[in-house]
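Undergrad: pasted the sequence and its predicted model underneath.
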Amino acid sequence: MKKIIALLFAIALTLSFISGLFAQNVAPKDIHLPNQEEVNRQIFDKVYSAVKDDASLPMPELVVKIAKQFLGTQYIWASLETEPEQLQVYLDKTDCILFVELSSCFALTVKGYEIVQAGDGEHFCLRDEPSVRKAEPSYETLCNNIRNMRYRLGKVEDYTSRIHYTSEWILQNQTNGIVREFSREIGEQFDQPFFYMSTHTDTYVQLKNNPDRQARIKSMEKHIEAQTPYFYVSQANLRKPEVISQIHSGDIIAFISPRDGLDLAHVAIACEDEKGEMHFIHASYGKKKVVFESESLADYATNGIRVCRYNPAL
């Protein structure tokens, strides 16, 4: 008994010593603290191993399978806000758009595709063939795909080069042939203004007291506002069987924002439950993690939605 007590006491002293070092932001030389890239690569290897044999699945099915691998992942807000601007990739934490972006890019990577920019940033179109090239599935390919989805023309320059309005994200990915907006086929036309960022510059650190960036954001808002018409599906119509039945698992769901001048407030991946009712997987702000939403899509979508579908050629 005395030996056990002595052993426990020694362990307690050791843990106390290590805790004290961490409290001083000093790690013992024999303890390795993994950096973000190491964490990312470990998660990439784990998820890739779980889904690599499913590369031939249709894109929507593969995206859902990958999204489920990230259930429980921590929700974090504003993780990209660094100055100067640089590509930030996190596989251990996410927000709503980063989760959809990660699931999409991971699926492309598993299929051995890397996005190639097809547009010029000024002219958007609906492209039938995906603008991709073959690439070895790897963590580097995943990062390249994320950069090409997240930044205008895939170029990381400054804060304004990152795509901030989800509508522009959709437009660029349509031009690259990755998705098409299905809202046009099942929804109704509506007026979508864009002015939230340019009229709330004090809430954005990178825009506050920076007239040049403010001007570029305002110009971008005018440009995407001109890409009319915009379509959405109302909550009332989502309750109609003939409408909700046209939304499929794996579709990208973008929820209309209640804020004036802001297009979309949340993004998710549609997914049926075991009874065939349409729900979705998302990075939930309220639950602070990635979850399969218990509330149905029709009940959740108070302000209506827009729907994007992956290119069947992928």
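TA: It's in.
Undergrad: quick check: residue 136 touching residue 112?
TA: Yes - shown here, residue 136 and residue 112 form a contact pair, counting by C-beta atoms under 8 Å, at 7.0 Å. C-beta here means a position set from N, CA and C on the backbone, and glycine is covered the same way.
Undergrad: okay, those two: which has more neighbours?
TA: The neighbour comparison of residue 136 against residue 112 (other C-beta atoms under 10 Å) goes to residue 112, with 15 against 9.
Undergrad: which residues does that one contact?
TA: 55, 134, 135, 136, 137 (C-beta atoms under 8 Å, 6 or more residues apart in numbering).
Undergrad: and the helix or strand encompassing residue 42, how far out from the chain middle?
TA: According to DSSP states H and E, residue 42 maps onto helix 36-51. Put simply, helix 36-51 sits 17 Å off its chain's centre (C-alpha atoms, centre = their mean, to the nearest Å).
Undergrad: after that helix comes which helix or strand?
TA: With DSSP H and E, the next secondary element past helix 36-51 is helix 59-69.
Undergrad: contacts for that following helix?
TA: Contacts to helix 59-69, defined as C-beta under 8 Å, 6+ apart, come from residues 47, 50-51, 54-55, 57, 99, 103-104, 106-107, 110-111, 248-251, 269, 271, 281, 290, 292, 309-312, 314.
Undergrad: okay, now the domains of the protein?
TA: 1-33, 34-310 (automatic domain parsing).
Undergrad: most tightly surrounded among these?
TA: Ranked by mean neighbour count under mean count of other C-beta atoms under 10 Å, the domains of the chain are led by domain 34-310, which reaches a mean of 17.
Undergrad: got the end-to-end distance for it?
TA: Terminal residues of domain 34-310 are spaced 35 Å apart (C-alpha to C-alpha, to the nearest Å).
Undergrad: avg pLDDT for that domain?
TA: Across domain 34-310, the average pLDDT comes to 97.
Undergrad: show me what contacts residue 285?
TA: Contacts of residue 285 (C-beta under 8 Å, 6+ apart): 75, 77, 95, 96.
Undergrad: generate a markdown table for these, with distance to residue 260 and secondary structure as supplementary columns.
TA: As requested, the contacts of residue 285 are exported to a markdown table (distance: C-beta to C-beta, whole Å; DSSP: H, G, I helix; E, B strand; the rest coil):
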| residue | distance to residue 260 | secondary structure |
| --- | --- | --- |
| 75 | 26 | strand |
| 77 | 22 | coil |
| 95 | 22 | coil |
| 96 | 20 | helix |
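Undergrad: just those residues now: which is nearest residue 192?
TA: residue 96 (19.0 Å; C-beta to C-beta).
Undergrad: tell me the helix or strand right after the host helix or strand of residue 174.
TA: Following DSSP H and E, one finds residue 174 within helix 166-175. Moving toward the C-terminus from helix 166-175, the next helix or strand (DSSP H and E) is strand 179-181.
Undergrad: dump the helix or strand following that next one to PDB, restricted to CA.
TA: Counting by DSSP H and E, the next helix or strand C-terminal to strand 179-181 is helix 183-186. Provided in PDB are the C-alpha atoms of helix 183-186 (Å, rounded to 0.1, in the frame of the first residue of the first chain):
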ATOM      1  CA  SER A 183     -32.900  27.100 -57.100                       C
ATOM      2  CA  ARG A 184     -33.700  28.400 -60.600                       C
ATOM      3  CA  GLU A 185     -35.600  25.200 -61.400                       C
ATOM      4  CA  ILE A 186     -37.700  24.800 -58.300                       C
END
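Undergrad: tell me what helix 183-186 is packed against?
TA: Helix 183-186 is packed against strand 230-232, strand 305-310, with contacts defined by 3 or more C-beta pairs under 8 Å, 6 or more residues apart in numbering; DSSP states H and E.
Undergrad: tell me the strands beside the first one, with direction?
TA: Using DSSP bridges, the strands paired with strand 230-232 are strand 188-190 (antiparallel).
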